[in-house]
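>>> One predicted model, sequence on top.
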Amino acid sequence: MSSPKVLFGFHAVGVRLKTAPQSIIEIYYEPTRRDARMRQFLDKAREANARLIEADGLRIAKLAGSHGHQGVAARVEEIKQVHSLDELLEQLEVAGVPPLLLVLDGITDPHNLGACLRVADGAGAHAVIAPKDHAAGINATVAKVASGAAETMPYFMVTNLARTLGELKERNIWIIGTADDAPKTLYQADLKGPVALVLGAEGAGMRQLTRKTCDELVSIPMHGAVESLNVSVASGVCLYEALRQRS
């Protein structure tokens, strides 16, 4: 059995209460916070028969590893998702659903990763993929920023990203990378079929090998003074354009 992990903040703990209350070991809350949001949260926790423990802000901060806990943290058991990317893709193939994947190359900031997971969940992406090296893993900060999406969005960290992209190609998934100097824009690309959208870190962009592995490169039109978007914003632009086309 995997060791328990910590979630903190109303969104992250609230989504776990809604989707898998039986996996919650205990919830720590700050009793001095008596506003409506805390009262509503505690009502939901009691309805789910969650074990509630009063704790001061310092103890909750130490448990969460952050002072941005909003007075709420929970120790929870890991939820088992699909075991592998192959398993997920096989399920989609059986269901006749064209995969929509987000690939992050070199995203090391947990806040950016959390925001990317959140937007991927909102846009209906099927998974987020990243290399094991030079990438952020799931931790309490990621879960907090993701507002529950870290619980619902499959996140696969792969040993060799270029090789994984090659394997996606073998499954007839079109690999579209984003680059400022791309010859065409995102809005000229066909995103209705099986697609993996690849985004690199802000400024640095994709690594050269990742870029060479892509089937197609597109840019996000920029009309103001700034040269690039934050990766989570860029992810949202790309994924929601795919969602628009598929709708």
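Now that the structure is in, tell me what you want to look at. Residues are numbered from 1 along each chain as shown.

>>> just so I have it, where are all the strands in this structure?
Shown for the chain, the strands assigned by DSSP state E span residues 5-8, 24-29, 52-54, 72-76, 100-105, 127-131, 155-158, 174-178, 184-185, 195-200, 216-219.

>>> Worst mean pLDDT across the helices and strands of this protein, which element?
Lowest mean confidence among the helices and strands of the chain (mean pLDDT, DSSP states H and E): helix 149-152, at a mean of 82.

>>> How about residues contacting it?
Helix 149-152 is contacted from outside by 12, 15-16, 19-20, 79, 114, 117-118, 120-122, 138, 142-143, using CB atoms under 8 Å, 6 or more residues apart in numbering. Using the backbone N, CA and C atoms, a C-beta is placed for each residue, glycine as well.

>>> Point out the least confident one among those.
Least confident by pLDDT among the contacts of helix 149-152: that is Ile79, with 72.

>>> What's the local residue count around it?
Neighbourhood size, Ile79 [other CB atoms under 10 Å]: 13.

>>> Contacts only, for it.
Applying CB under 8 Å, 6+ apart to Ile79 gives the contacts Ala20, Ser23, Glu151.

>>> who wins for neighbours among those residues?
Of all those, Glu151 has the most neighbours under the rule other CB under 10 Å, reaching 23 neighbours.

>>> And that one, how far from Ile79?
For Glu151, the distance to Ile79 (CB to CB, to the nearest Å) stands at 6 Å.

>>> Distance check, Arg207 against Val97.
Distance from Arg207 to Val97, counting by CB to CB: 30 Å.
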